[in-house]
Structures are given as structure tokens and as C-alpha cells.
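Peer 1: Give me the fold of what follows.
(chains A and B)
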Amino acid sequence: MAEYIAAFFLIIGTLFIFIASIGLLKMPDVYLRMSTSAIAATFGVLSMLIATAIHFMELTLTLHIIGLIIFLMLTVPIGAHMLGRSSHIIGLEMWDKTVCDDLKGKFNKDTNDFDGMEEEGDKQEGEN
Amino acid sequence: MIDNIIIYFTLPLLSISMLLIFIRLFIGPRLIDKVIAIDLIVIVGIGTFSAYSILFDKTAIIDISLILALIAFLSTIAFTYFYEKRDKSQLYY
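Peer 2: Here you go, the predicted structure:
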């Protein structure tokens, strides 16, 4: 029974990693490529690690895999967020059909941070 | 059963996905595309290590993937730290 569950998780993980690599090749934009590689590939590798833990059924290996899963779930979104932030600061172009960009023109070069939110709030209060 | 799945399904598909990621690594129009591709290569490498550890019945291979994940995270953070401070008038960024 455990063998079938491990095989199921292994197939799911492999398919998700394959879909993520296709998305990395076919997506038209830096930000879309980053989102595919951050979300789909992380889910795929997590399910492959779960399959390994189910297949071996050992305590030390399971603890190693739990630590690895926690580490990956903490660090991969942080890395993707930093990549997106730095590419938006540098000013990389977006796709032609991008609908909205909430951070457009809100990067302050003096303070080196996104702090344009309060100005828009003040403006709306003044209009009311 | 699970050995057949790994040999005939998992390892070929992971190899094809590694090939697609290497195509993006070589043709990437910006520098940050290549960094994303390297980040994904490490993730596919962790998946390949777990598949090999099932195939060869060696649990010590999982320890390598811990170190790989740590190195990938630190390199990404260090790259973005220096990428923001770069001269934006350069042609290739």
C-alpha cells in the first residue's frame, strides 16, 4: 500500500516539475517565469520528497526531509520575491498584455524603498 | 514497481525538463532570466537526487540536497543584493 502512495506522489511531483520547466521556456515575461519556477517546481519537489519519506519509512530520514521541506517552503518564496523586487527596481519591461502594475512609479530613489503608498492615500482623502 | 516508474517515467521527464531549463539559460534575454534558470536547476536537481535515493536504496543522498538548497538560497539573495546597486546605464542588464 505504501508503495502505491509513494508512486502516486512521485508521478505528481515529476509532472509538476515538467510543467514548471515548460512554463519557464514558454512564458513571455520575467515576472511570469519567476512565478512558474517558484510555485509549480516547489510543489513538485515537495511531493517527490514526501514520496521518498513514504518509501523508506525511517525516522532519521523523515526528520531530514521534514527539515528540508520547511527550509524550501521558507526560502523559495523569499528568493522569488527578492528577484521580482530587484527586477522591478531596475525597470525591466513587462509583457504587452499586462493588465495592471500596482507599483508603477512608487519607487523612491532617495530612500531606496517603496514608500509612495501614503501619498496616494493622502490624495484620496483630499479629494473627499 | 516503483523502480520501473523511476526508470521509465521520472528520470526521462526530469532529463527533458533539465534540457528545457538549459535552453532558457542559454537564450535568456536578461541576466535575471539566467538566475531564475539556475535556481530551477537546483530544484530539479533535488528531485533527481530523491529519485536516485529511492532507486539505489541509499538514504545518504538526501543530505546533499540540503546543502544544495542552502547554496541556492544564499546565491539568489546575494545576486539580488548586488543587482539593485548596478549601473543602469549599461547596455546589458
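
Peer 1: what's in contact with stretch B:27-44?
Peer 2: A:17, A:20-21, A:24, A:30, A:33-34, A:37, A:41-42, A:44-45, A:76, A:79, A:83, A:86-87, A:92, B:14, B:17-18, B:21-22, B:24-25, B:68-69, B:71-72, B:75-76, B:79, B:83, B:92-93 (C-beta atoms under 8 Å, 6 or more residues apart in numbering or on different chains). Using the backbone N, CA and C atoms, a C-beta is placed for each residue, glycine as well.

Peer 1: So which of those belong to helices?
Peer 2: A:17, A:20-21, A:24, A:30, A:33-34, A:37, A:41-42, A:44-45, A:76, A:79, A:83, A:86-87, B:14, B:17-18, B:21-22, B:24-25, B:68-69, B:71-72, B:75-76, B:79, B:83 (DSSP state H).

Peer 1: Quick one, which of the contacts of stretch B:27-44 are buried?
Peer 2: Applying 16 or more other C-beta atoms under 10 Å in any protein chain shown to these, the neighbour count classes A:17, A:20-21, A:24, A:30, A:33-34, A:37, A:41-42, A:44-45, A:76, A:79, A:83, A:86-87, A:92, B:14, B:17-18, B:21, B:24-25, B:68-69, B:72, B:76, B:79, B:83 as buried.

Peer 1: Grab the most central residue of chain B for me.
Peer 2: By C-alpha atoms, centre = their mean, chain B has its centre lying nearest to B:Ile41, at 1.5 Å.
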